[in-house]
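Enquirer: the amino acid sequence is not available; the structure is as follows:
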């Protein structure tokens, strides 16, 4: 009888999947895996009740055969089978396809032979095994990043009533009509040069989420629902693009950055934004979250290539210290990589891990790595020790204000 992956294990089902692969690595004969990319579905189709129905579709298979279903934090499902005729997986997988048949993910274009919903791996094949193991490591790294992001959002927002079918319609209506121009905040990223001299790299533009919640749904915890939060960010993306398209923002003295969903970059709203950006594209940095990137690597690669060809710079955001030990960020071929400073760095005294982090910075390029959430001078010293010269965080905010005051004083006396 098969066992179902459990989120009680450290690292969730992602960690259990890697452990399973390690156990069969020496003898993977008769094993195959199916990766169902539910994370690529529209946000509205990733509601918990739909995902639960999708998981239940595999109950008979996992009970009656040597099959294990892993329910991942990004909504994907991974089925690992041993000595199971592959056609026995047809029925449950087709049930899941049917559940989401109206989603664009299920609509294949003319002449399109690629199945974007399910990826298959023959684990007895070394190439397939290595490829799937690398994918599993990326999924674990993304889940760690997502957990950190969720923790940060939760701590930044007061707990409130959950989103229900009763208040959802009103929240959606207010979200579409809400004004966000006065909710946009800026945070600088700087480069520290020789002698500690700092210069501005760019100013990140973002929406104050806690203030937005108070405006559209006071007393409601918008962040308790992952699919609603995804929808929320997609609507914000469109509103933010409209504001950034205003000429005065595009011609500001310093470069600007903005965090976008991969889907937004590939959508019509961004194409319209680009018409306004024109020759200013090289002064705009597009940030994309690592968890969003791992949800559809092909979509990210397409988006990244398109942005870079048009002059934009691409930044991968949300990389945690732990993620550095699972994958090489430089493989994503972005212009910048933002690594989040945290307690892991302060307590990490193992020479081997520090060396590994230094090697990661060297591979990515020291001018491409930005250490974020820098709240103390200690964080800057740690980063400089690894070769990092670009920083962002509350400590940097204070440094930027001092730089601005010095420049103003110089202008007044000049």
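Expert: Okay, I see it. It should be emphasised that the depicted structure is a prediction, and the values quoted were computed from it without experimental measurement.
Enquirer: every contact and neighbour count from this point should use C-alpha atoms.
Expert: Fine.
Enquirer: report the distance from the longest helix anywhere in the chain to the chain centre.
Expert: Secondary structure of the chain per DSSP state H: the longest helix is helix 126-156. Relative to its parent chain, helix 126-156 has a centroid offset of 9 Å by C-alpha atoms, centre = their mean, to the nearest Å.
Enquirer: counting by contacts, list what that helix packs against.
Expert: Secondary-structure packing of helix 126-156 (3 or more C-alpha pairs under 8 Å, 6 or more residues apart in numbering; DSSP states H and E): helix 12-24, strand 118-122, helix 290-295, strand 313-319.
Enquirer: how about 7 Å then?
Expert: In terms of contacts (3 or more C-alpha pairs under 7 Å, 6 or more residues apart in numbering; DSSP states H and E), helix 126-156 is packed against helix 12-24, strand 118-122, helix 290-295.
Enquirer: and for the second one, what's in contact with it?
Expert: This points to strand 118-122. The set of residues external to strand 118-122 that reach it, using C-alpha atoms under 7 Å, 6 or more residues apart in numbering, is 31-37, 128, 132.
Enquirer: partner strands of that strand, with direction?
Expert: strand 31-36 (antiparallel) (DSSP bridges).
Enquirer: how much does the partner strand deviate in direction from helix 126-156?
Expert: Here strand 31-36 runs at an angle of 40 degrees relative to helix 126-156 (axes from the mean of the first three to the mean of the last three C-alpha atoms, to 10 degrees).
Enquirer: how about the helix or strand that the longest helix of the chain is followed by: buried residues?
Expert: Using DSSP states H and E, the helix or strand that follows helix 126-156 in sequence is helix 165-177. Residues 171-172, 175 are the ones in helix 165-177 that count as buried (16 or more other C-alpha atoms under 10 Å).
Enquirer: what is the mean pLDDT for the helix or strand just after helix 165-177?
Expert: Next in sequence after helix 165-177, counting helices and strands by DSSP H and E, comes strand 184-192. Averaging pLDDT along strand 184-192 gives 90.
Enquirer: for the next helix or strand after strand 184-192, packing partners?
Expert: Following strand 184-192 in sequence order, the next helix or strand is strand 198-207 (DSSP H and E). Strand 198-207 sits against strand 184-192, strand 256-259, with contacts defined as 3+ C-alpha pairs under 7 Å, 6+ apart.
Enquirer: so for the first one, what gets flagged as buried?
Expert: In terms of neighbour count (16+ other C-alpha under 10 Å), strand 184-192 has its buried residues at 186-192.
Enquirer: out of those, who's nearest residue 341?
Expert: Of all those, residue 341 sits closest to residue 189, with 13.9 Å by C-alpha to C-alpha.
Enquirer: so who does the closest one touch?
Expert: Contacts of residue 189 (C-alpha under 7 Å, 6+ apart): 200-203, 390-392.
Enquirer: among these, which two are most distant?
Expert: Across the contacts of residue 189, the longest distance by C-alpha to C-alpha is 12.7 Å; it joins 203 and 390.
Enquirer: look at the two and report which has more neighbours.
Expert: Neighbour count, other C-alpha atoms under 10 Å: between residue 203 and residue 390, residue 390 has more, with 26 against 20.
Enquirer: was I right about the more buried one contacting residue 190?
Expert: Yes: here residue 390 reaches residue 190: they are 5.6 Å apart, a contact under C-alpha atoms under 7 Å.
Enquirer: now the nearest residue to residue 232 once chain neighbours are set aside: how far from residue 260?
Expert: In this structure, residue 232 finds its nearest non-sequential neighbour in residue 175, 7.6 Å apart by C-alpha to C-alpha, 6 or more residues apart in numbering. Separation of residue 175 from residue 260 (C-alpha to C-alpha, to the nearest Å) stands at 17 Å.
Enquirer: for residue 82, which non-adjacent residue is spatially closest?
Expert: Nearest-residue entry for residue 82: residue 31, 4.5 Å, with adjacent residues in sequence omitted and distances by C-alpha to C-alpha, 6+ apart.
Enquirer: was I right to think the one you found contacts residue 79?
Expert: No: in this structure, residue 31 is not within contact of residue 79 by C-alpha under 7 Å, at 10.5 Å.
Enquirer: mind giving me the domain split of the chain?
Expert: With domains defined by automatic domain parsing, the chain comprises 12-146, 162-413.
Enquirer: if we can go back for a sec, the residue nearest to residue 82: neighbour count?
Expert: 20.
Enquirer: who touches it in this structure?
Expert: Residue 31 touches 81-83, 122-124, counting by C-alpha under 7 Å, 6+ apart.
Enquirer: list buried residues within the residues you listed.
Expert: Buried, going by 16+ other C-alpha under 10 Å: 81-82, 122-124, out of those.
Enquirer: which among the residues you listed gets closest to residue 356?
Expert: Looking across the buried ones among the contacts of residue 31 and measuring by C-alpha to C-alpha, the closest to residue 356 is residue 123, at 29.0 Å.
Enquirer: any idea how far residue 26 is from that closest one?
Expert: According to C-alpha to C-alpha, residue 123 stands 11 Å off from residue 26.
Enquirer: same question for residue 127.
Expert: Residue 127 is 14 Å from residue 26, by C-alpha to C-alpha.
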